[in-house]
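In: got a sequence here, can you model it:
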Amino acid sequence: MNVRVGDIIKLENNQFVAADILLLCSSEPYGLCYVETAELDGETNLKVRQALSMTSDLGDVSKLMDFDGEVICEPPNNKLDKFTGTLHWRDNKYSLDNEKMLLRGCILRNTEWCFGMVIFAGLQTKLMQNCGRTKFKRTSIDKLMNTLVLWIFAFLICMGVILAIGNTIWETCVGRKFELFLPWDEFQSSAVFSGFLTFWSYIIILNTVVPISLYVSVEVLRLGHSFFINWDRKMYHNQSDMPAEAHTTTLNEELGQVEFIFSDKTGTLTQNIMVFSKCSINGQTYGDVYDEFNQKVEITEKTTCVDFSFNPLCDKAFKFYDCSLVEAVKQQESAAQDFFRLLALCHTVMPEEKSEGNLVYQAQSPDEGALVTAARNFGFIFRARTPETITLCEMGRAATYELLAILDFNNVRKRMSVIVRNPQGQIKLYCKGADTIIFDRLDPSSEDLMYATSEHLSEFAGEGLRTLALAHKDLSEEYYQVWQKKLHYVSTVIENREEQLAALYEEIEQGMKLLGATAIEDKLQEGVPETIACLNLANIKIWVLTGDKLETAMSIGYSCNMLRDDMDEVFVISGLTQLEVQQQLRKAKENILGLNRVSSTGDVEKGDMSAEDSVFEETIISEYALVISGHSLAHALEPQLEHTLLDLACLCKTVICCRVTPMQKAQVVELVRRHKMAVTLAVGDGANDVSMIKTAHIGVGISGQEGMQAVLASDYSFAQFRYLQRLLLVHGRWSYFRMCNFLAYFFYKNFAFTLVHFWYGFFCGFSAQTVYDQWFITLFNIVYTSLPVLAMGLFDQDVNDQNSLRYPSLYKPGQQNLLFNKRQFFLCTLQGMVTSFLLFFIPYGAFSVTLKDDGSDFSDQQAFAVTIATTLVIVVSVQIGLDTHYWTAVNHLFMWGSLIVYFAILFAMQSDGLFGIFPSTARNCLSEKSVWLVILLTTVVCILPGLVVSFLRVDLFPTLTDKVQ
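Out: Next up is the predicted model:
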């Protein structure tokens, strides 16, 4: 469908919205329609959109044909929760906001049809503005391997040049004496040209030092590691029948190097299930259960629930354990009834009655749904809503309230109010919000009740419950009419409309009377606090990036122990302007680092910051947390403030970003990835997390309630957040450990094998003669040594999975890149060079002074070659045996099998049957005792120094791994 800006399109129920459109009319009364925004913000609950009353009757196609309105609006941007525009139609101006827009990615629900005018299409839609680019992900080991291969290639060139120069000198000084025996061709009349040809000959001979087969072997290992993740039954979720799944094979070892985890909240840390747990009404708490001795009893699954059978419309799944609250409502206590009446009226929930008495609530937030469900069970059932009315069933009696105004919630107000006219004709204001905000707007007559309720709120918060305060106010008809006129005028103003509305709301929300407070338990996923604690012990920093409001995010932070009351300070950054954000960031940083470290301009002194802050970050004993809202984050991510934000965030133990857009999530990840040079992992479960997942080094999708978009965009997926602990601390650490050991051994083996030719060049006139026979060169990397190193790379483990989880600090070497880096590369190649040196010169020296059993000399080159080749195979096999920490049947089979195959081929080649086909003068040397003694001596000398060094290191400087073993 070729949709263009200005087109009027029709959408039908359950269709995706194809562009950002202005809702003109719908099949529902008053131009209402319902949309699901899971693709945008991860929330599966339905949201209401309403057309302008002037366009809501344009349902007929002929009327739509005559529509000639003009929309002037903001340019395309990525702000999902904000739209500013004006409709010019019939000589009038109508203000447009986000509540009148259907954004691309939404799904039309419970609405037969609707018409809308396209405002943004294609890449200009807000969904596409929030989409991050897909990047090809490569691990740090991949990049290091590419660098090392280039170094090795340069080393190969250097060896070729050295040997070529040696050949030129040898031909000039010595070679001329052999002209009678080996006359030069006319092509080789120059010693320099001979050196040139020798250079290319040695490049061919020594090319095995360049590990081309390494890339194939690495991919085989990664494939095996991915299968181990897929097959891990401890990461399988029975309830959802969902196993862990690796969607890529290229990032496994980087799972063992993660330093930063960026996590969504809803559906990732939580189950997205909230339960009405306790409340305080008129100074009395409800929700606890007491025994006959008036002692509080712990609530368990066996505790008897309240019987709500008196209410035929109750929610059967709702559980409450304090019977006294039901009795208070039944006895018509005014405070208790007003409390639940407020919960049934003050919300944005949409009801759906699928059958008589079968109510389903579609809530914009789970806590709103929990509060309305609680009111429903206690006898105040929310039945229906229109733009003008709210219908309740109060203790069995129907009651319709005229909805006069909704005073919306936002991050600044931190409260929501509704103004209604009750069936008796009285005008009431009902308000719920953060306790500190509500308490500041109470009538002095509620002061005593406020103190009592405040104590109850402290108790609730100490239990990790999410709290809200409730208040109400009676309004006179005259006062309301005056206020309503002001509201109508302010609502049509284009400039500074939000500020003027906030001032008007503030005016009417003064002098309220306190009703009480609610406490909601947000159900975390199983094992989340334990997982976060374990990952923190592994020195992994966890940042929560959520689209939820600040209070919700902080509450979850306390629930999963990311925020604690014993923290030194929790910094909340909520400035609305860049200057305010800069001041708040500066003040927070001053509190941590000290005033003497910050200059008068607010920037940390360069000399201090560059050299000391990275160290200071590690030595901070106090614990701090940073909480920043989305609008403040937008300013903090500006180039002039991003370094201050990052420095402050890295000094804090916990970072929570709330009300963030999908693009802001990706920007935060990119900020850390760009400046900290650390491996980042993003985990989420919704389409709003896709940009973050794509931006991070590693993306993990949780297959939850919000669709499969995050899973499909991720590198790894599973069903529960707690499996992240096993993915990183077990599979990630093992993969990194195995890959590092594999690379170190592979480079060692190649250098030990190849450099023997280099040493031999000095004794063969630099003639490009090989030491080994061609069969050995062909089979060495393919048959003799390929399988043992693959077995080690697939199955080796320094500690088992239980100890990996029991000692999270074992994870730290991967973060610090200690197991394989440029230093380790030089050490393993140096070991390979020394081994090759010993492999050549010990047999060379021994053969020069050793005689055969019959008294003759070892004068043939092939006997010398067989001796070195046999010693090499034995040495590298013994070395891999010493490097292997965990022996399996496969390791034994491959190692002993490789040795058996080598000797089988060796003896077969020298046997009577094959000797005629492959003639060799080395046949007799295998029967000489002195040859086997040379092989034994060389093997011991090659292995013993490394063995002594390893023993002394473990004994004198043991690592945590050594202690655990």
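In: alpha carbons only: can I get stretch 375-394 in PDB?
Out: C-alpha atoms of stretch 375-394 as PDB (Å, rounded to 0.1, in the frame of the first residue of the first chain):
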ATOM      1  CA  ALA A 375     -12.300  -1.800  44.300                       C
ATOM      2  CA  ARG A 376     -14.300  -4.300  42.200                       C
ATOM      3  CA  ASN A 377     -13.900  -7.000  44.800                       C
ATOM      4  CA  PHE A 378     -14.800  -4.800  47.700                       C
ATOM      5  CA  GLY A 379     -18.100  -3.900  46.100                       C
ATOM      6  CA  PHE A 380     -17.300  -0.800  44.000                       C
ATOM      7  CA  ILE A 381     -17.300  -2.300  40.500                       C
ATOM      8  CA  PHE A 382     -16.300  -0.100  37.500                       C
ATOM      9  CA  ARG A 383     -18.700  -1.200  34.800                       C
ATOM     10  CA  ALA A 384     -18.600   1.300  31.900                       C
ATOM     11  CA  ARG A 385     -17.000   4.500  30.600                       C
ATOM     12  CA  THR A 386     -17.900   7.100  28.000                       C
ATOM     13  CA  PRO A 387     -16.200  10.400  27.400                       C
ATOM     14  CA  GLU A 388     -18.900  12.000  29.600                       C
ATOM     15  CA  THR A 389     -19.800   9.400  32.200                       C
ATOM     16  CA  ILE A 390     -18.400   6.600  34.400                       C
ATOM     17  CA  THR A 391     -20.800   3.900  35.600                       C
ATOM     18  CA  LEU A 392     -20.200   2.000  38.800                       C
ATOM     19  CA  CYS A 393     -22.000  -0.700  40.700                       C
ATOM     20  CA  GLU A 394     -21.700   0.300  44.400                       C
END
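In: who's in contact with that stretch?
Out: 29-30, 32, 50, 308, 310-311, 313-315, 318, 320, 325-326, 329-330, 337, 340-341, 343-345, 347, 349-351, 353, 359, 361, 372, 395-396, 398-403, 420 (C-beta atoms under 8 Å, 6 or more residues apart in numbering). Glycine gets a C-beta too; all of them are placed from N, C-alpha and C.
In: of those residues, select the buried ones using a ChimeraX command.
Out: Per 16 or more other C-beta atoms under 10 Å, the buried members of the contacts of stretch 375-394 correspond to this ChimeraX selection:
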select :32,50,308,311,313,314,315,318,320,325,326,329,337,340,341,343,344,345,347,349,350,351,359,361,372,395,399,400,401,403,420
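In: in the stretch 1-150 of the chain, which ranges drop under the pLDDT threshold?
Out: Along the stretch 1-150 of the chain, the parts satisfying pLDDT under 70 run over 1, 41-45, 132-135.
In: apologies, that question was intended for the stretch 451-600 of the chain.
Out: 464, 492-495, 548-549, 551-552, 595-600.
In: all strands for it, in order.
Out: Under the criterion DSSP state E, counting those that start in this stretch, strands of the stretch 451-600 of the chain are mapped to 466-475, 513-524, 541-545, 569-573.
In: and what of the stretch 701-850 of the chain?
Out: 716-718.
In: tell me where it has helices.
Out: 709-713, 723-726, 733-761, 774-779, 786-795, 801-806, 812-815, 822-849 (DSSP state H, counting those that start in this stretch).
In: could you dump the fifth one to CSV, C-alpha only?
Out: Once non-C-alpha atoms are left out, helix 786-795 reads as follows in CSV (Å, rounded to 0.1, in the frame of the first residue of the first chain):
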residue,chain,number,x,y,z
SER,A,786,43.6,-31.1,15.0
LEU,A,787,41.2,-33.2,17.1
PRO,A,788,42.9,-32.9,20.5
VAL,A,789,42.9,-29.2,20.4
LEU,A,790,39.2,-29.1,19.3
ALA,A,791,38.3,-31.4,22.1
MET,A,792,40.0,-29.1,24.6
GLY,A,793,38.2,-26.1,23.0
LEU,A,794,34.9,-27.8,23.3
PHE,A,795,34.9,-29.6,26.6
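In: who's in contact with it?
Out: 213, 217, 220-221, 224-225, 738-739, 741-742, 745-746, 749, 877, 880, 883-884, 886, 888, 890-891, 894-895, 897-898.
In: so of the residues you listed, which ones are in helices?
Out: If you go by DSSP state H, the contacts of helix 786-795 have 213, 217, 220-221, 224-225, 738-739, 741-742, 745-746, 749, 877, 880, 883, 890-891, 894-895, 897-898 in helices.
In: where does the stretch 651-800 of the chain dip in pLDDT?
Out: 704-709.
In: equivalent analysis for the stretch 851-965 of the chain, please.
Out: Applying pLDDT under 70 to the stretch 851-965 of the chain flags the ranges 851-859, 910-924.
In: swap the cut-off to 80 and go again
Out: Under the criterion pLDDT under 80, the flagged ranges of the stretch 851-965 of the chain are 851-861, 908-928, 960-965.
In: domain ranges for the chain?
Out: 7-131, 210-225+734-964, 233-268+524-594+619-729, 272-521 (the TED database).
In: which of these is buried the deepest?
Out: When you average the neighbours per residue for each of those (mean count of other C-beta atoms under 10 Å), domain 233-268+524-594+619-729 leads with a mean of 21.
In: measure how far that domain is from the centre of its chain, please.
Out: 7 Å (C-alpha atoms, centre = their mean, to the nearest Å).
In: coming back round to it: minimum distance to residue 157: which of the domains of the chain has it?
Out: Set against residue 157 and scored by C-beta to C-beta, the domains of the chain come closest in domain 210-225+734-964, at 10.4 Å.
In: ok, now which ones touch residue 297?
Out: Counting by C-beta under 8 Å, 6+ apart, residue 297 has contacts 289, 290, 291, 303.
In: and the residue nearest to the third one when sequence neighbours are not counted, how far from residue 288?
Out: Excluding its sequence neighbours, the residue lying closest to residue 291 (C-beta to C-beta, 6 or more residues apart in numbering) is residue 297, at 5.3 Å. When distance is defined by C-beta to C-beta, to the nearest Å, residue 297 is 8 Å away from residue 288.
In: so can I have a markdown table of the domains of the chain showing distance to residue 160?
Out: Output for the domains of the chain, formatted as a markdown table (distance: least, C-beta to C-beta, whole Å):
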| stretch | distance to residue 160 |
| --- | --- |
| domain 7-131 | 50 |
| domain 210-225+734-964 | 10 |
| domain 233-268+524-594+619-729 | 33 |
| domain 272-521 | 64 |
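In: which one of these lies closest to residue 203?
Out: Between these, domain 210-225+734-964 lies closest to residue 203; by C-beta to C-beta that is 9.6 Å.
In: kindly indicate whether residue 115 is helix, strand or coil.
Out: strand (DSSP: H, G, I helix; E, B strand; the rest coil).
In: so residue 831 touches residue 946, yeah?
Out: Yes. In this structure residue 831 lies within contact range of residue 946 using C-beta atoms under 8 Å: 6.5 Å.
In: quick one: the strands in the stretch 251-400 of the chain?
Out: Going by DSSP E, counting those that start in this stretch, the stretch 251-400 of the chain shows strands at 258-263, 270-281, 284-286, 289-290, 296-297, 350-355, 358-362, 380-385, 389-394, 397-407.
In: to residue 622, which of those lies closest?
Out: It's strand 258-263; of the strands of the stretch 251-400 of the chain, that one is closest to residue 622 (C-beta to C-beta) at 20.8 Å.
In: list phi and psi for residue 817.
Out: Residue 817 has phi and psi values of phi 60, psi 50 when expressed as degrees, to the nearest 10.
In: that one touches residue 257, doesn't it?
Out: Yes. If you go by C-beta under 8 Å, residue 817 and residue 257 touch, sitting 6.8 Å apart.
In: common neighbours of the two, please.
Out: residue 140.
In: now do the same contact list for residue 247.
Out: Applying C-beta under 8 Å, 6+ apart to residue 247 gives the contacts 714, 715, 716, 717.
In: using a markdown table, lay out those residues together with distance to residue 556.
Out: Converted to a markdown table, the contacts of residue 247 look like this (distance: C-beta to C-beta, whole Å):
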| residue | distance to residue 556 |
| --- | --- |
| 714 | 22 |
| 715 | 25 |
| 716 | 23 |
| 717 | 22 |
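In: quick check: the residue lying closest to residue 396 once chain neighbours are set aside vs residue 288, distance?
Out: Using C-beta to C-beta, 6+ apart and skipping residues adjacent in sequence, the residue nearest residue 396 is residue 379, 7.6 Å away. Distance of residue 379 to residue 288, given as C-beta to C-beta: 21 Å.
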